[in-house]
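> sequence and predicted model, in that order:
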Amino acid sequence: MNHSDANPPPHASGPLQSLHVLGARASLLLNYRFLIYNLVVRDLKSRYRNSVLGFLWSLLNPLGMMAVFTVISLVLFRDQTIENYPIFLLSGILAWNYFSASMMTGTNSVVANGHLIKKVHFPTEVLPIATILANLVNFILALLLLFAAILIFRIEFSPWIWLLPAVILIQTMFTLGIVFFLSTLQVYYHDTLIVMDVVMLAWFFLTPVFYSASMLPVSYTVAGFTVDIQRLVYILNPIASLVNMYRDLLYWGYRTDLDFFLRTFLTSVVVLVAGYWFFVRHSANFSEEV
């Protein structure tokens, strides 16, 4: 197999043909499943190599954030309106940490493995995919911390908890779609990662992770137009929608709204397909640019 076989550009004449090419390219990834597995294992091992606590660091991070924001909420803001605030916070923090870590490591996944692209012929999309899956493993293991906290606070598990894997899948698809796009930009513009560092900080505060969306004004008038701020947050920020779905299942204990669920799912599919198309379109030149 030569490099052009591993990264064939999609010479498509229309949207349907483009989807056909992407589908064929995605099915080819099954032949590289063991490579993806090895890359995930390598990523996890390198992340905690020479670390005394190893994986425990991925638990200490959300615990530390939980402690800090609990103090901010209860002491500085004196906000005691949210019951069992640590559970409320963890259900948002863990989802956000999965997204944030995937975005930052995934954006640089192709450039960081430039030596592999130049020496070995394989579909380069396995690099961001493996990075996302490595962060997914950390996220799933960190959920055990949340389940333990739910038991400690004696909160009943939602009868709709079986929907949790579907929500995780939706977040993974959405994140992977954005990472496909950003990792491509990082190949050509190495300051993409620096810009994203600032973007992610702003994105965190614009997402109701440590606060409830109900704290936002229901309506706000701008230039004579009344805008529903709470609704707009979920429309413009899919991560806010995902955090809300996690809280529905893990904190509030009821089923997430079906329309809300389907809208977020369709958004994730569109982002994934668009990001993958953008990645594949430019991947043939990666070996020359990294």
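Nice, thanks for sending it over.
> isn't V280 right up against L22?
Yes - contact criterion C-beta atoms under 8 Å: V280 and L22 qualify, at 6.5 Å. Backbone N, C-alpha and C define where each C-beta goes, glycine included.
> these two: which is more packed in?
Legend: neighbour count by other C-beta atoms under 10 Å for V280 and L22, higher for V280 (23 against 18).
> quick check: that one vs P123, distance?
Counting by C-beta to C-beta, to the nearest Å, the separation of V280 from P123 is 9 Å.
> same thing with F34?
F34 is 13 Å from P123, by C-beta to C-beta.
> okay, those two: which has more neighbours?
P123 (22 against 8).
> for the more buried one, grab phi and psi.
phi -60, psi 120 (degrees, to the nearest 10).
> same check on Y220?
phi -150, psi 130.
> how many neighbours does N97 have?
19.
> any idea which element it lies in?
Element membership for N97 (DSSP states H and E) is helix 85-107.
> next, the contact list for the residue nearest to the spatial centre of the chain, please.
In the chain, the centroid-proximal residue (C-alpha atoms, centre = their mean) is F99; its distance is 3.0 Å. Applying C-beta atoms under 8 Å, 6 or more residues apart in numbering, we find F99 in contact with 171, 175, 239, 242.
> how about a cut-off of 6 Å?
F99 makes contacts with 175, 239, as judged by C-beta atoms under 6 Å, 6 or more residues apart in numbering.
> now do it against N135, distance only.
Shown here: F99 relative to N135, a distance of 9 Å by C-beta to C-beta.
> same question, V110
16 Å.
> and for V273?
In terms of C-beta to C-beta, V273 sits 21 Å off from N135.
> can you map out the strands along the stretch 101-250 of the chain?
In the stretch 101-250 of the chain, the segments counted as strands under DSSP state E, counting those that start in this stretch are 220-222, 225-227.
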